[in-house]
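A.B. asks: Mind folding the following:
(one chain, ligands or ions: 2)
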Amino acid sequence: MKKISLLLMSILAFYSCQKEEVKTISSPNNNLKVEVGLGQNKAPFYIVKKENEVVVDTSYLGFEFKNAPALKNNLRIVSVETASFDNVWEMPWGEQEKVINNYNELRVNLQETATPNRKFSVVFKVYDDGLGFRYEFPKQENLKEVFITEEQTAFNLTEDYKTFWIPGDWDIYEHLYNTTPLSKIDALSKRNHSNLAQTSIPNNAVNTPVTMVGKNGLHLSFHEAALVDYSGMTLGVDTNNFNLKSILVGSDNKDYKVHRTLPFHTPWRTIQVTDNAPDLISSNLIVNLNEPNKLGDVSWFKPMKYTGVWWEMHLGRSSWDYGMTKDKNGNWVDTGKAHGRHGATTANVKKFIDFSAKNNINGVLVEGWNTGWEHWIGFEDREGVFDFVTPYPDYDMEEVIKYGKEKGVSIIMHHETSSGTETYTKQQDKAFALMKKYGMHSVKTGYVGKILPKGEFHHGQYMVNHYNNTVEKAAKYQVAINAHEPIKPTGLRRTYPNTISREGLRGQEFNAWSSDGGNPPEHLPIVAFTRMLAGPIDYTPGIFNIKFNEYKKNNQVNTTLAQQLALYVVIYSPVQMAADLVEHYEANLKALQFIKEVGVDWKQTKVLNGEVGDYVTIAREERGTGNWFLGAITDENRRDLEINFSFLEEGESYTATIYKDGKNAHWDKNPLDLEITTLKVTNKTTMNLHLAAGGGVAISILKNK
Ligand code: NOJ
Ligand code: CA
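C.D. replies: Ligands and ions are numbered 1, 2, ... in the order given. Next up is the predicted model:
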């Protein structure tokens, strides 16, 4: 029986307001308080308090426009409305099945006191674990459209927080995280980066989610929710005053950053506020601030583990391109580059299908299957190059799909657009129709390189619309999207569940080829408390051949093997890659057993411990089986973690198989030292787990029948 959404909306008060006193709204448990009023020059401001301590001090709100006066001063509060909301909604797949959505709302309706008397509202939703607010512009006589040059949203903090940040790059999120006091943020020093195909850092600003830890243990994370038809927001940093201020991503082609016609509203500006690091991960603020599922039944997509023709290209063993190109008449012409190293051949893909079928893995990603890769990387004229329906001659798509179907393995489509957005938009109907014809329900998209049309950036309004339109169009063909080089996740997966996963961070691929040493051991213990708060991550874990010296002497993965296993639990995604080569898995079947068993869709999630940038332990219960899986990871420091299994069901017994760092394990000196033990556990069991430097622990906890 389904028991969903119990809507309990009650308008508590609605009144005209003569005096411009401060309006207050509290979280359901009264811990968080937001005050809103008019301050200097009758400008709107808000203040956030936690247990009566000021967290965000008087911070002003407003807009600047092209060809119109700013909208920030000389306002009056026309009316105020409050409401409470408490319901539960279901995720079709996710970190948990049921999500509680409980908040108090304050809507402050504002109007200019002089002509043109423009009107807008600021709406706050205050939850126990944070808040969101947005601007709403109703239909009105004197304002039909706006060209926003800047949104003036401030976050005026009161101390020099320890901050985990990446620069406010308008074109990519694939930066290493920095840990500095707020006052020492220097995003401009991150401008030169030889490993990025595109980058643009115009301001001393950070991208979101940006997470902060205060002296008394307060944890804050700033982000946005429901980014639709607007620009992504970076946060400009005033290092002298601990102030953050919105800086929207712009365009070189326009003298404004956002164009909207009224009525419209902005995305939610969000602040997660918790007493500890684990509660940040448990917070559902971002998804809760999004609208409910608009797609209805999405059971055509099933969460899955997948393998793929992928890592071998990043290692340089095979290539995306076939080495031949088509002439004007459609004949294949040897460009003189034919090398016989093409990865996406029928035979190679069948090898991945066989391996996947044997190991409880339901998908195979095939990159480099389609024409256009001869022109891959570093070329200017990218429009019209990639074709999303024409396979290379050595790839028999129909045969491969049929073969997969027989073995219960589906093929995952790949669309690398190389940021030629017009070519992709034009071909989408044809490309998705082809997928529908073959019963392919998911595609990995890619946007490497500077955006075409020139002058646009990955995170500006033009691209936000491109990414969102792609998701909506794909849904019509029952296609789910896993975007690389994407816009950041803002919880839209609630509204469009076919937004299954995305990159939007420095992924595993950097370990294969970056010239800066790859992702250091602290990378993922930071990511879990920053990027992961925004939504699912296609990190592509599970590299067993950690050093891969036979391919690349100067690159390696900077974790132990045990940590690679733990990532299947720690990092959430409904598509989780087993990224390594088949032969590397076949050389270590004992460790592979964990990947074979681990779930990808969860009934509930418990974050057992953690500190931002240091370590984290997460346990998740698989939907439909009652089995649990636990993952713990640490940074470059070894540590011992006391684990209490009280999350298990009372009275049940389980068989736990523990995959942990061996005595001599170390991410660099001895990454493959793995110890596997099996024992019975119940909800009374406690255990001390030792994690090596850069190490981890993965445990499968299978319910005894
Ligand atoms: C970058 C993506 O992140 C990577 O996964 C993919 O293999 C290449 N682009 C090629 O599309
Ligand atoms: Ca990438």
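A.B. asks: going forward, measure contacts and count neighbours with C-alpha atoms only.
C.D. replies: Noted.
A.B. asks: quick one, helices of the stretch 501-650 of the chain?
C.D. replies: Along the stretch 501-650 of the chain, the segments classed as helices by DSSP state H, counting those that start in this stretch run 509-513, 523-527, 561-570, 582-586, 589-597.
A.B. asks: Please identify the most buried of those helices.
C.D. replies: helix 561-570 (a mean of 29; mean count of other CA atoms under 10 Å).
A.B. asks: Setting the sequence-adjacent residues aside, check what's closest to Lys430.
C.D. replies: Leaving aside its sequence neighbours, Lys430 sits nearest to Val389 (CA to CA, 6 or more residues apart in numbering; 7.4 Å).
A.B. asks: what number of residues lie near the nearest residue to Tyr572 once chain neighbours are set aside?
C.D. replies: Distances taken as CA to CA, 6+ apart place Pro536 nearest to Tyr572, at 5.3 Å, with adjacent residues excluded. By other CA atoms under 10 Å, 26 other residues sit near Pro536.
A.B. asks: For ligand 1, which of the helices of the stretch 501-650 of the chain is the nearest?
C.D. replies: Closest of the helices of the stretch 501-650 of the chain to ligand 1 is helix 509-513, at 6.7 Å (criterion: CA to the nearest ligand atom).
A.B. asks: so, in contact with ligand 1 or not, the closest one?
C.D. replies: No. No part of helix 509-513 sits near ligand 1 under the criterion CA under 6 Å from any ligand atom; the closest distance found is 6.7 Å.
A.B. asks: Pull the contacting residues for the residue most central in space within the chain.
C.D. replies: Centroid-nearest residue in the chain, with CA atoms, centre = their mean: Gly535, separated by 4.0 Å. Contacts here follow CA atoms under 8 Å, 6 or more residues apart in numbering; on that basis Gly535 touches 489-491, 501, 572.
A.B. asks: for those, which one is nearest ligand 1?
C.D. replies: Nearest member of the contacts of Gly535 to ligand 1, counting by CA to the nearest ligand atom, is Ser501, at 12.4 Å.
A.B. asks: what's near enough to touch Pro278?
C.D. replies: Pro278 sits next to 607-611, 616 when contact means CA under 8 Å, 6+ apart.
A.B. asks: Against Ser653, how distant is the residue nearest to Tyr572?
C.D. replies: 31 Å (CA to CA, to the nearest Å).
A.B. asks: burial of Gly296, as a residue count?
C.D. replies: 11.
A.B. asks: Just to check, the residue nearest to Lys430 is in contact with Phe432?
C.D. replies: No. Checked against CA atoms under 8 Å, the pair Val389 and Phe432 is beyond contact range at 9.1 Å.
A.B. asks: Name the residue in those two with the higher neighbour count.
C.D. replies: The neighbour count for Val389 versus Phe432, taken as other CA under 10 Å, is higher for Phe432 (25 against 18).
A.B. asks: SS state for that one?
C.D. replies: helix (DSSP: H, G, I helix; E, B strand; the rest coil).
A.B. asks: Next: the one 5 residues further on.
C.D. replies: When the structure is reduced to helix, strand and coil (three-state DSSP), Lys437 reads as helix.
A.B. asks: Which pLDDT value does the model give it?
C.D. replies: If you check Lys437, the pLDDT there is 98.
A.B. asks: cool, Thr678 as well?
C.D. replies: For Thr678, pLDDT reads 98.
A.B. asks: Count the neighbours of it for me.
C.D. replies: Neighbourhood size, Thr678 [other CA under 10 Å]: 13.
A.B. asks: mind listing what the closest residue to it other than its chain neighbours touches?
C.D. replies: In space, and not counting its chain neighbours, Thr678 is closest to Thr657: 4.4 Å by CA to CA, 6+ apart. Taking CA under 8 Å, 6+ apart, we find Thr657 in contact with 676-679, 699-701.
A.B. asks: worst-scoring helix or strand of the chain, pLDDT-wise?
C.D. replies: When each helix and strand of the chain is scored by mean pLDDT, DSSP states H and E, strand 10-16 comes last, with a mean of 37.
A.B. asks: next helix or strand past it?
C.D. replies: strand 23-26 (DSSP states H and E).
A.B. asks: who's Lys606 bridged to?
C.D. replies: Beta-bridge pairing for Lys606 (DSSP bridges): Ala619.
A.B. asks: Please identify the pairing partners of the helix or strand encompassing the residue nearest to Thr678 and their relative orientation?
C.D. replies: Following DSSP H and E, the helix or strand that holds Thr657 is strand 654-661. Strand 654-661 sits in its sheet next to strand 674-681 (antiparallel), strand 696-703 (antiparallel), going by DSSP bridges.
A.B. asks: residues touching the nearest residue to Leu196 once chain neighbours are set aside, list them.
C.D. replies: The shortest distance from Leu196 to any non-neighbouring residue, by CA to CA, 6+ apart, is to Glu174 (7.6 Å). The contact partners of Glu174, by CA under 8 Å, 6+ apart, come to 196, 504-507.
A.B. asks: tell me the pLDDT at Glu174?
C.D. replies: Looking at Glu174, its pLDDT stands at 98.
A.B. asks: what about the strands in the stretch 201-350 of the chain?
C.D. replies: Taking DSSP state E, counting those that start in this stretch to define them, one finds strands in the stretch 201-350 of the chain at 205-206, 210-213, 219-225, 233-238, 243-248, 258-261, 264-265, 268-274, 304-309, 324-326, 332-334.
A.B. asks: can you give me how far the fourth one is from the chain middle?
C.D. replies: Averaging C-alpha coordinates over strand 233-238 and over its chain gives two centres that are 19 Å apart (CA atoms, centre = their mean, to the nearest Å).
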